[in-house]
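Peer 1: here is my input; please provide its structure:
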Amino acid sequence: MAPKDFEMQFPEHYIKRGSFGLHSGGISDKLYDVNALLTDKNYFDMIINSIPLGRFTYVGIATAGAIIAGHFRQFAMIKDKELKGKINGKYCLIDDVCITERSLRDAIKIIGFEPEHIFVVLDRRKTKNLKLESLFEE
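Peer 2: Sure thing, here's the model as predicted:
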């Protein structure tokens, strides 16, 4: 993984402004459109190059996390509250945005054991209990 020696700002043109209901149940005046960001090859490559490399199964949380994990040869996904695919040994858990850690904790519970690494594209947490790596922070 490339060292994070500076803080990158989420690209402004992928931020929508208004009132948005979040998966976490909250409301936000900003929507960080990671799905649209993934369609930009330069940003997609930047994301892939920020993920820890190793002999892992890359497990993505649907939808954007699964798209990212699918880039790696050995991958699985969490969708509809179940694991799709197999995990062989250690795994790296991937999600697009983390606000409350709930989706990450739910995925870990479904899988049944802790990941070696957790990577999210954007970390929006106020309370940080899980150790994770991210490309962007709010």
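
Peer 1: what's the burial count for Thr57?
Peer 2: Residues near Thr57, counting by other C-beta atoms under 10 Å, number 22. In this view, the C-beta of every residue, glycine as well, is placed from N, C-alpha and C.

Peer 1: repeat that for the one 5 residues further on.
Peer 2: Applying other C-beta under 10 Å, we find 17 residues neighbouring Ala62.

Peer 1: can you check Thr39 too?
Peer 2: 11.

Peer 1: and it, what's its pLDDT?
Peer 2: pLDDT, Thr39: 97.

Peer 1: likewise the one 5 residues further on?
Peer 2: Reading off the confidence values, Phe44 has pLDDT 97.

Peer 1: where does it fall, secondary structure wise?
Peer 2: helix 41-50 (DSSP states H and E).

Peer 1: mind listing what the helix or strand following that helix pairs with, with the direction of each?
Peer 2: In the C-terminal direction, the helix or strand that comes right after helix 41-50 (DSSP H and E) is strand 57-61. If you go by DSSP bridges, strand 57-61 pairs up with strand 75-79 (parallel), strand 91-98 (parallel).

Peer 1: tell me which of the ones you listed is the most buried.
Peer 2: Each of these was scored by mean neighbour count; the highest is strand 91-98, a mean of 26, by mean count of other C-beta atoms under 10 Å.

Peer 1: can you list the buried residues in whichever helix or strand comes after that strand?
Peer 2: Remark: after strand 91-98, the chain's next helix or strand is helix 102-111, criterion DSSP H and E. For helix 102-111, the buried set under the neighbour-count rule, 16 or more other C-beta atoms under 10 Å, comprises 103-104, 107-108, 111.

Peer 1: packing partners for helix 102-111?
Peer 2: strand 57-61, strand 75-79, strand 82-84, strand 91-98 (3 or more C-beta pairs under 8 Å, 6 or more residues apart in numbering; DSSP states H and E).

Peer 1: now with 10 Å?
Peer 2: For helix 102-111, the packing partners by 3 or more C-beta pairs under 10 Å, 6 or more residues apart in numbering; DSSP states H and E come out as strand 57-61, helix 64-69, strand 75-79, strand 82-84, strand 91-98, strand 117-123.
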